[in-house]
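Student: What shape does this take:
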Amino acid sequence: MFSHIMIGTNNMEAARKFYDATIGALGGRPAIDNNGRLMYMHNGGLFLVTTPINGEPACGANGGTIGFAAESPEQADAWHAAGLAAGGTAIEDAPGVREASFGKLYLAYLRDPCGNKLCAMHRMS
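Tutor: Numbers count the residues shown, from 1 in each chain. Sure thing, here's the model as predicted:
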């Protein structure tokens, strides 16, 4: 359904540190510099980080969440820990199992250094 996700940042250095750590915890590689943008390719997905081209400050989407697939609860926990160590902020409840109408999910939430809301999610069997 999606070709890619791109988010804005006001601090490329902080974004690189944060996303290299969190995407690395999911098994991805560090960013590739793509004309001043950070580009991450992993498991068929494309995630980019840029400073806004209109010159306005970047901000997190109010009501928006970007979800990253985790292969296990342990990988979601590693993602969460890597994000905290790299400048992220813990939000929502602590990482753990949540009941959904379609089954159990293991969720871990963070905000990146620019305020974007993120979640590592593992679908429980």
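Student: Could you verify that residue 18 is part of a helix?
Tutor: Yes - assessed by DSSP: H, G, I helix; E, B strand; the rest coil, residue 18 belongs to a helix.
Student: Over to the nearest residue to it once chain neighbours are set aside: give its phi and psi.
Tutor: Nearest-residue entry for residue 18: residue 86, 4.5 Å, with adjacent residues in sequence omitted and distances by C-beta to C-beta, 6 or more residues apart in numbering. C-beta: built from backbone N, CA, C; applies to glycine. The phi and psi torsions at residue 86 (degrees, to the nearest 10) take the values phi -100, psi 20.
Student: Residue 81 too?
Tutor: Phi and psi for residue 81, reported as degrees, to the nearest 10, are phi -60, psi -40.
Student: Number of residues surrounding the residue nearest to it when sequence neighbours are not counted?
Tutor: Counting by C-beta to C-beta, 6+ apart, residue 81 lies nearest to residue 25, which is 7.5 Å off, once chain neighbours are set aside. The tally of other residues near residue 25 (other C-beta atoms under 10 Å) stands at 22.
Student: And for residue 125?
Tutor: Using other C-beta under 10 Å, the number of residues around residue 125 comes to 5.
Student: mind listing the helices for this protein?
Tutor: Applying DSSP state H to the chain gives helices spanning 12-25, 73-85.
Student: Of these, which is nearest residue 110?
Tutor: Among those, the nearest to residue 110 by C-beta to C-beta is helix 73-85 (4.4 Å).
Student: what's next to the longest strand that the chain contains, contact-wise?
Tutor: If you go by DSSP state E, the chain has its longest strand at strand 103-111. With C-beta atoms under 8 Å, 6 or more residues apart in numbering as the test, strand 103-111 has contacts from 22, 60, 65, 70, 73, 76-77, 79-80, 83-84, 88-93, 95-98, 117-124.
Student: one more time with 6 Å, if that's ok
Tutor: Here strand 103-111 makes contact (C-beta atoms under 6 Å, 6 or more residues apart in numbering) with 73, 76, 80, 83, 88-89, 91-92, 95, 97-98, 117-122, 124.
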